[in-house]
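> Here is a sequence with its predicted model. Questions after.
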Amino acid sequence: MISPADHSASHTLGSMYVQHNPWLLSWLHRRLGHGGDAADIAQDVFMRMWKMRASQALEEIREPRAYLTTMAKRMLANHLERRSLERAYLESLQQLPEAATMSVEDQAILLETLLELDALLHALPDKVRTAFLLAQLDGLAYEEIAAQLQVSLRTVTRYIAQGFKQCLCARLNSTECAA
């Protein structure tokens, strides 16, 4: 049985969808130039609103288009970032010698792993992520990172520890690490 709150949220979201989805699709299409991606993102916006209905009273949204625009901008940024990462990945695959070419399945697994890693690292604050990547990918010493970021050596050590903690928590799939 549907609760009264779910019924009310469903009605409100349905009304919002009917009123504002064409506008949102047009807004996204202008930015993407591709109707399919615009439709996917618009659908994701409304799905996220449905999932958030318990914590956000949909009836209290005073400016639906501003709210939808904010959500859509975030999803659009994530979408474009994923596309950029995919393009870079595909370009790097083209650079591999033929003998090192991976199967389509292995390529898909590697791309999925890269996207997960990208999301994991983007959950970190900018300076923490930068310090962690400088240490792990560029092999810079902590002193070099401190100089580049203009922070203390102790701060760099703390940043790197945060990066490792984030990776470890993801590896353990633990929600206890959120603190």
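Yep, that arrived.
> Domain ranges for the protein, per the record?
For the chain, the domain assignment from automatic domain parsing gives the residue ranges 1-111, 123-179.
> Which one, of these, ends up nearest to residue 117?
Proximity of the domains of the chain to residue 117 was assessed by Cβ to Cβ; the nearest stretch is domain 123-179, lying at 8.6 Å. To be clear about C-beta, it is placed using only N, CA and C from the backbone, and glycine gets the same treatment.
> about what we covered before: can you redo the domains of the chain as TSV with mean neighbour count, mean pLDDT and distance to residue 117?
Shown next, in TSV, are the domains of the chain (neighbours: other Cβ atoms under 10 Å; pLDDT from 0 to 100; distance: least, Cβ to Cβ, whole Å):
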stretch	mean neighbour count	mean pLDDT	distance to residue 117
domain 1-111	13	81	9
domain 123-179	14	85	9
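> Now residue 124: phi and psi?
Dihedral pair for residue 124: phi -80, psi 150, per degrees, to the nearest 10.
> Please, which helix or strand holds the closest residue to it other than its chain neighbours?
Of all residues not flanking residue 124 in the chain, residue 166 sits nearest, at 5.7 Å (Cβ to Cβ, 6 or more residues apart in numbering). Using DSSP states H and E, residue 166 sits within helix 153-172.
> And for residue 73?
helix 64-95.
> Which is the succeeding secondary structure element to that helix?
Following helix 64-95 toward the C-terminus (DSSP H and E): helix 104-122.
> residues in contact with that following helix?
Contact with helix 104-122 is made by 81-82, 85-86, 89, 93, 102, 129, 132-133, 163, 166-167, 170, as judged by Cβ atoms under 8 Å, 6 or more residues apart in numbering.
> Measure how it sits relative to helix 64-95, angle-wise.
Angle of helix 104-122 versus helix 64-95, following axes from the mean of the first three to the mean of the last three Cα atoms, to 10 degrees, is 130 degrees.
> for the very next helix or strand once past helix 104-122, packing partners?
The helix or strand immediately downstream of helix 104-122 is helix 126-136, counting by DSSP H and E. With contacts defined as 3 or more Cβ pairs under 8 Å, 6 or more residues apart in numbering; DSSP states H and E, the packing partners of helix 126-136 are helix 104-122, helix 142-149, helix 153-172.
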